[in-house]
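> make a model of this:
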Amino acid sequence: MEMSVYNPQKGRLETIDAVLTDENTTWFDHCTQSHDVYMITDFEGDLLIRELGYAYPVRIYGLCRADIGFDQRKAQDLKNLYA
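Numbers count the residues shown, from 1 in each chain. Here you go, the predicted structure:
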């Protein structure tokens, strides 16, 4: 699936072609606010963090879901740090 993501290392949006599957993506069900992280995905050695709502996913280089323990709060902290 082609999607636009925010790349904080480059400071701009970029278009990537990512496949979202049960093997590479963790979804969080209990999201109620637009800034809640509802999905984290491993993509080509990087981590995609997506919030509920209309914000672009954020691409974090050199990390994967296992590095943050598949944790929603840690993903939110990373997103806040980089974006």
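
> just to be sure, Asp67 is in a helix?
Yes. Note on Asp67: a helix contains this position according to DSSP: H, G, I helix; E, B strand; the rest coil.

> tell me the pLDDT of it.
Confidence per residue is given as pLDDT, and for Asp67 that number is 97.

> tell me the secondary structure for the spatially closest residue to it that is not a sequence neighbour?
Excluding its sequence neighbours, the residue lying closest to Asp67 (CB to CB, 6 or more residues apart in numbering) is Leu47, at 7.6 Å. The C-beta positions use only the backbone N, C-alpha and C, and glycine is treated the same way. Secondary structure, three-state DSSP: Leu47 is strand.

> so what's Leu47 bridging to?
For Leu47, the beta-bridge partners under DSSP bridges are Asp42, Ile60.

> and it, how many neighbours?
For Leu47, the neighbour count with other CB atoms under 10 Å is 23.

> got a pLDDT number for the residue in the chain sticking out farthest from the centre?
Note on the chain: the largest separation between a C-alpha and the mean C-alpha position, by CA atoms, centre = their mean, falls on Thr32 (17.2 Å). We note a pLDDT of 89 for Thr32 in this prediction.
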